[in-house]
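Student: requesting a structural model of the entry that follows:
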Amino acid sequence: MRQWPRRTLPALLVLAALAAVGCSGDGDGAGDQLTGAAATDGSGSAPTTASPSGSVPPEVSATSTAGPNPKPSTGACPIFPADNIWHRDVSRLPVRSNSAAVIANIGLDDTMHADFGSGLWDGGPIGIPITTVRSGQATVRVSFEYAGESDEGPYPIPSSAKIEGGPNADGDRHVILLDKADCRAYELFAAYPQSDGTWRAGSGAIFNLRSNALRPRGWTSADAAGLSILAGLVRYEEVAAGHVDHAIRITAPRTATSYVWPARHAASSLTDANLPQLGMRLRLRANVAIADLPRQARVVATAMKKYGVIIADNGSPWYISGAPDERWDNDALHALDRLTGGDFEVVDIRGLMISSNSGATR
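Tutor: Residues are numbered from 1 along each chain as shown. Below is the predicted model:
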């Protein structure tokens, strides 16, 4: 079993990018068994501020070219509702007209890489860990570098909270907390515990997992796109069960200064119209052969054909995110390396959008 370099943007570089870049829409338009969030829509209307417990716009009747939508896996707490964009089948949606140019800008010949697995790399677990917190977990105060785009909290952070890369990591240092009793996710970027029991972080977001509400327009989260990280992580339990029922978080080396629904934020000053945008949905092409992949890799590849991937952050090309677990077979996951950028296409999800301020879909 071979190890591999981790994809992680140094926290200070990401913070600097967030400080330097304006965030604009383009007008285009988790751990255990769990059941299992926009750019402007061109209306020019004022954005609706969405709180972590925000309301959901009413459903509207419409037709769609997307396939039938299975409900997320059974359990007490969903990772967003079944009609949420993370859970939509995109296998039959049309391809965007600039798909080939976007794919070329991400890396046509670059190979896919599962940025998660078992064991350690540089002393830390491989992937973005999820910490499940008990009901009634004591909360702590978190101070933020980007307080204006962060949910104040408080945050239920136990002393045993897992940090991406380990306690001594100098990378993104994400902390993902899942409170299944309250059905909320608490997510932090560049998170550091302090000697007085408080924490400091670059940014933080709280998600009501029963709601389709998105963050306020222009706001980041613990991810550059302003989306939930938990929602896009590949988890061992779902792969072992044989079905990943959601899009997968992925990174690209250069993104545009604009973003597309369901993203809420951009992290670039680049204006090339053919650069990938945060929030873009891509899928593994239907004719790509995956039958001979090892089972763990095949389940992930199948999900990328049906639910696709969402560009959520700047980073190495074609790196998909998941939670570490000692039951992962790293050699099997490495079989995904045989997939290249040329095996993917950008899909047009605009027809699924009900409101640019909601992750609910038609």
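Student: please make it C-alpha for all contacts and neighbour counts, starting now.
Tutor: Fine.
Student: can you tell me, leaving aside adjacent residues, what's nearest to residue 161?
Tutor: residue 131 (5.9 Å; Cα to Cα, 6 or more residues apart in numbering).
Student: how is that neighbour assigned, secondary-structure-wise?
Tutor: strand (DSSP: H, G, I helix; E, B strand; the rest coil).
Student: also residue 195?
Tutor: Judged by three-state DSSP, the three-state class of residue 195 is coil.
Student: residue contacts, it?
Tutor: Contacts for residue 195 (Cα atoms under 8 Å, 6 or more residues apart in numbering) come out as none.
Student: how much space between it and residue 336?
Tutor: Per Cα to Cα, to the nearest Å, residue 195 is found 42 Å from residue 336.
Student: quick check: residue 353 touching residue 212?
Tutor: No: assessed by Cα atoms under 8 Å, residue 353 is found out of contact with residue 212, at 11.7 Å.
Student: which residues do the two both contact?
Tutor: By Cα under 8 Å, 6+ apart, residue 353 and residue 212 have these common neighbours: 359, 360.
Student: more neighbours, those two?
Tutor: Neighbour totals were compared for residue 353 and residue 212, and residue 212 leads with 27 against 20 (other Cα atoms under 10 Å).
Student: residue 361 is in contact with the more buried one, correct?
Tutor: No: judged on Cα under 8 Å, residue 212 makes no contact with residue 361 at a distance of 9.2 Å.
Student: joint contacts of the two?
Tutor: Common contact partners of residue 212 and residue 361 (Cα under 8 Å, 6+ apart): residue 84.
Student: confidence score at residue 28?
Tutor: For residue 28, the pLDDT comes out at 39.
Student: also residue 76?
Tutor: 84.
Student: let me see the contact set for the nearest residue to residue 354 once chain neighbours are set aside.
Tutor: In space, and not counting its chain neighbours, residue 354 is closest to residue 361: 5.8 Å by Cα to Cα, 6+ apart. Applying Cα under 8 Å, 6+ apart to residue 361 gives the contacts 83, 84, 85, 88, 352, 353, 354.
Student: regarding residue 200, what is its secondary structure?
Tutor: Residue 200 - assigned by three-state DSSP - is strand.
Student: hmm, it is touching residue 144, no?
Tutor: Yes: at 5.8 Å, residue 200 and residue 144 qualify as touching, with contact defined as Cα under 8 Å.
Student: how many residues are close by the nearest residue to residue 235 once chain neighbours are set aside?
Tutor: Leaving out its chain neighbours, the residue that sits closest to residue 235 by Cα to Cα, 6+ apart is residue 323, at 5.5 Å. Other residues within reach of residue 323, judged by other Cα under 10 Å, total 24.
Student: now swap in residue 307 and tell me
Tutor: Neighbours of residue 307 (other Cα under 10 Å): 25.
Student: what's the spacing between it and residue 211?
Tutor: Taking Cα to Cα, one finds residue 307 at 20 Å from residue 211.
Student: also residue 243?
Tutor: 23 Å.
Student: swap in residue 131?
Tutor: Distance of residue 131 to residue 211, given as Cα to Cα: 21 Å.
Student: count of neighbours near the closest residue to residue 357 other than its chain neighbours?
Tutor: In space, and not counting its chain neighbours, residue 357 is closest to residue 214: 5.6 Å by Cα to Cα, 6+ apart. Counted with other Cα under 10 Å, the neighbours of residue 214 add up to 33.
Student: quick one: contacts of the longest helix belonging to the chain?
Tutor: What stands out as the longest helix in the chain, according to DSSP state H, is helix 295-306. Outside helix 295-306, the residues within contact range by Cα under 8 Å, 6+ apart are 89-91, 234, 239-240, 242-248, 283-286, 290-292, 329, 332-336.
Student: for the nearest residue to residue 221 once chain neighbours are set aside, list each beta-bridge partner.
Tutor: Spatial nearest neighbour of residue 221, chain neighbours left out: residue 205 (5.1 Å); criterion: Cα to Cα, 6+ apart. Beta-bridge pairing of residue 205 under DSSP bridges involves residue 187.
Student: pull the contacting residues for residue 205.
Tutor: By Cα under 8 Å, 6+ apart, the neighbours of residue 205 are 150, 151, 186, 187, 188, 221, 222, 228.
Student: doesn't residue 203 make contact with the first one?
Tutor: Spelled out, that is residue 150. Yes: counting by Cα under 8 Å, residue 150 touches residue 203, with 5.4 Å between them.
Student: now the common contact residues for those two.
Tutor: Common neighbours of residue 150 and residue 203 (Cα under 8 Å, 6+ apart) are 144, 220, 221.
Student: ok, the second one to residue 286 distance?
Tutor: The gap separating residue 220 from residue 286 is 33 Å, by Cα to Cα.
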